[in-house]
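Asker: Quick check, what structure comes out for this input:
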Amino acid sequence: MVSAVACPPYIPSMTDLFDIGAARASDAAEARPAPLADRLRPATLDQVIGQAHLLGPEGALTVMLQGQLPSLILWGPPGVGKTTIARLLADRAGLHFVQISAIFTGVADLRKVFDTARHRRANGQGTLLFVDEIHRFNKAQQDGFLPHMEDGTITLVGATTENPSFELNAALMSRAQVLTLERLSLRDMELMTQRAEKDLGAKLPLDGDAREAMQEMADGDGRALLNLIEQVAAWGAMKPVDRDTLARRLQRRAAQYDKSGDSHFNLISALHKSVRGSDPDAALYWLARMLKGGEDPRYLARRVTRMAIEDIGLADPQAQAVCLQAWGTFERLGSPEGELAIANAVVYLALAPKSNAAYAAYKAAMKQAGSTGSEPPPKHILNAPTKMMKEQGYGSGYAYDHDQADGFSGQTYFPDGMKRPVYYVPVDRGFERELGKRLDWFVAQRAKRGGGG
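Answerer: Numbers count the residues shown, from 1 in each chain. Alright, predicted model coming up:
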């Protein structure tokens, strides 16, 4: 007989334990369903919810895809489909999709992306480079994209939540088309909710009011809505939940705008028009409705300041300062006392004299600036720091206004050959009445001195 030999007990090593743990984690990950947002990600452009102005039959992107896709800047709030649209554009255009984030990508990373795209292009494959948060790149980094866009190495699609006019270089903007994406409407949110319910195989346990409140909470952000839907679906409630219960369970304040379906933008429009119409009581009512509905007071402070600029303007230059002081007061006091400062500003604006003359003048000047190309200033108002520039007439004939007896030379400052436009026409109200008198004097003096241009 062969005697049995006792084997020592198996003691796993640290490597074994690591492998076992990794295997179990992998199994668990495979068993766990993908997030709802991933499961509902559109597979084609016609499945994208919202953005009909871009993706509809006559939409800008639809038309672009009939030819060669240009470089684009997608500007819009979070959760409206910028990343998804970029990925689907690559599919439709037959381009290899590469995604980077400006937050985590450095110069060395960009160089690798461009080198790989160049090799890909040599093999007959184009690259759509999607850059999330592109406004986070500095000027030098933004300039780094230009040669690769120009030689066709990449088709750039940048995404930003910030105004490209302020955040992106003029050179980059001139080589890309800016497309504005809109926040999702409540109708879009309802369509997304129905699509999620189909995937979940069950209706959400919410009554009609709570369902609308959940969609309002998402504030036009589709990704935020799907996260809320996942939370609600996980409750497994046996009967419909109402608005108040929803707010408590999600630990978020449900919007309390009235049940007629007034939206966030309808109420801010009502507030703005009440101020413009010089009705302080109506303005206070709409302000209170928005605050009661959970609106961020900082948003209201910003919008009230905008009203001062657009609708009061120079008829009462103090109005803007009142709004900024109210905004700063709120930041120092917080809620609820700070909201009273915003209310004070609203009353002040409603009773202030109104003028949009400067606003209209600015828009008219912007329109003409866009149509006159790169007309240079007249040479007599250009500095001449070098001898060559002096020889070319820079600064020649400039009249220094402070040397004139009345402090006014009457010279023209528009480009040579450009007919002098009139943008600013002050109203006969408030402080702007005084500005009108000054303007009339300057016009008369300019005509006398031959600078009418």
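
Asker: Grab the nearest non-local neighbour of residue 97.
Answerer: residue 90 (3.8 Å; Cβ to Cβ, 6 or more residues apart in numbering). Just so you know, the C-beta spots here come from the backbone N, C-alpha and C atoms, and that holds for glycine as well.

Asker: Tell me if I am right that the one you found is in a helix.
Answerer: Yes: remark: residue 90 belongs to a helix, assigned using DSSP: H, G, I helix; E, B strand; the rest coil.

Asker: what's near enough to touch it?
Answerer: 96-97, 128, 130 (Cβ atoms under 8 Å, 6 or more residues apart in numbering).

Asker: I'd like to know which of those residues are buried.
Answerer: 97, 128, 130 (16 or more other Cβ atoms under 10 Å).

Asker: Could you list the paired strands of whatever helix or strand the first one lives in along with their orientation?
Answerer: If I follow you right, that is residue 97. Under the criterion of DSSP states H and E, residue 97 resides in strand 96-101. Taking DSSP bridges as the criterion, strand 96-101 forms sheet pairs with strand 127-132 (parallel).

Asker: mind checking pLDDT for residue 213?
Answerer: pLDDT for residue 213: 91.

Asker: To what extent is it buried, counted in neighbours?
Answerer: 23 (other Cβ atoms under 10 Å).

Asker: Show me what counts as buried in the host helix or strand of it.
Answerer: For residue 213, the element it lies in under DSSP H and E is helix 208-218. Neighbour counts over helix 208-218 (16+ other Cβ under 10 Å) mark 210-218 as buried.

Asker: Can you dump the C-alpha atoms of that helix in CSV for me?
Answerer: Presented in CSV, the C-alpha positions along helix 208-218 are these (Å, rounded to 0.1, in the frame of the first residue of the first chain):
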residue,chain,number,x,y,z
GLY,A,208,-48.2,63.7,-13.8
ASP,A,209,-47.1,66.7,-11.7
ALA,A,210,-44.1,64.8,-10.3
ARG,A,211,-43.1,63.6,-13.7
GLU,A,212,-43.1,67.2,-15.0
ALA,A,213,-41.2,68.3,-11.9
MET,A,214,-38.5,65.7,-12.5
GLN,A,215,-38.1,67.0,-16.0
GLU,A,216,-37.9,70.6,-14.8
MET,A,217,-35.2,69.6,-12.3
ALA,A,218,-33.0,68.4,-15.1
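
Asker: Pull the strand holding residue 97 out as PDB, backbone CA atoms only.
Answerer: Extracted in PDB, the C-alpha atoms of strand 96-101 (Å, rounded to 0.1, in the frame of the first residue of the first chain):
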ATOM      1  CA  HIS A  96     -12.000  57.800 -37.600                       C
ATOM      2  CA  PHE A  97     -13.300  59.300 -34.300                       C
ATOM      3  CA  VAL A  98     -10.800  60.400 -31.700                       C
ATOM      4  CA  GLN A  99     -12.000  62.100 -28.500                       C
ATOM      5  CA  ILE A 100      -9.900  64.200 -26.100                       C
ATOM      6  CA  SER A 101     -10.600  66.600 -23.300                       C
END
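
Asker: So which elements touch the helix or strand following that strand?
Answerer: On the C-terminal side of strand 96-101, the closest following helix or strand by DSSP H and E is helix 107-122. Counting contacts by 3 or more Cβ pairs under 8 Å, 6 or more residues apart in numbering; DSSP states H and E, helix 107-122 packs against strand 96-101, strand 127-132, helix 146-150.

Asker: how long is stretch 410-420 end to end?
Answerer: By Cα to Cα, to the nearest Å, the extent of stretch 410-420 from end to end equals 13 Å.

Asker: now that stretch, how far from the chain's geometric center?
Answerer: Relative to its chain's centre, stretch 410-420 lies at 36 Å (Cα atoms, centre = their mean, to the nearest Å).
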